[in-house]
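Engineer: What shape does this take:
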Amino acid sequence: MFKYKYRKYWILSILLILAILTTIAYRFIESRWLEFRNAEKDFNEGRYSKSIEFYLKALEKKLDPKFYITQLVSAAKITGTYEAIVEIYSKTIQKNRKNDEIVKSFAVN
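Structural biologist: You can find the predicted model right below:
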């Protein structure tokens, strides 16, 4: 197919292209997890209002609230931004009435 001399370069090129395409595909397919990771990073660094924005983006992209609901409540308490959060809580509880973990996390926080 190819000369032996160039075969290793073709293989390396194909592997590099596959690595790049995999990275790009992950950003599109699993973007909700990227939003979650950004929110976690901002929350841990003390940028609570920015973390709320990323948590809301993750919620819009249908990431399960059990992963971030405690941090979202804590960030809302610290920043005092309850208006948008209350609406999100009511929607989340209505969707997950049988999920005791989420309902308890709202009650505790």
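Engineer: burial measure for residue 25, as a count.
Structural biologist: Using other C-beta atoms under 10 Å, residue 25 has 10 neighbouring residues. Where you see a C-beta, it was placed from the backbone N, CA and C, and this is true even at glycine.
Engineer: what comes into contact with stretch 26-43?
Structural biologist: 48, 50-55, 57-58, 61-63, 67-68, 71, 74-75 (C-beta atoms under 8 Å, 6 or more residues apart in numbering).
Engineer: Now the buried members of those.
Structural biologist: 48, 50-52, 54-55, 57-58, 63, 67-68, 71, 75 (16 or more other C-beta atoms under 10 Å).
Engineer: Flag every buried residue along whichever strand or helix holds residue 36.
Structural biologist: Element membership for residue 36, per DSSP states H and E: helix 31-44. Within helix 31-44, the residues scored as buried using 16+ other C-beta under 10 Å are 32, 34-36, 38-40, 42-43.
Engineer: Go through the residues you listed and name the one nearest residue 13.
Structural biologist: Taking C-beta to C-beta as the measure, residue 13 lies nearest residue 34 of the buried residues of helix 31-44, at 27.4 Å.
Engineer: hang on, the earlier thing: in TSV, list the buried residues of helix 31-44 along with pLDDT.
Structural biologist: Converted to TSV, the buried residues of helix 31-44 look like this (pLDDT from 0 to 100):
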residue	pLDDT
32	85
34	88
35	89
36	90
38	92
39	92
40	92
42	93
43	93
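Engineer: Confidence-wise, which helix or strand of the protein is lowest on average?
Structural biologist: Using mean pLDDT, DSSP states H and E, helix 100-108 stands out as the lowest-scoring helix or strand of the chain, at a mean of 66.
Engineer: on that earlier part again, so can I have a markdown table of the buried residues of helix 31-44 showing distance to residue 12?
Structural biologist: Formatted as a markdown table, the buried residues of helix 31-44 follow (distance: C-beta to C-beta, whole Å):
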| residue | distance to residue 12 |
| --- | --- |
| 32 | 33 |
| 34 | 28 |
| 35 | 33 |
| 36 | 34 |
| 38 | 32 |
| 39 | 37 |
| 40 | 35 |
| 42 | 37 |
| 43 | 40 |
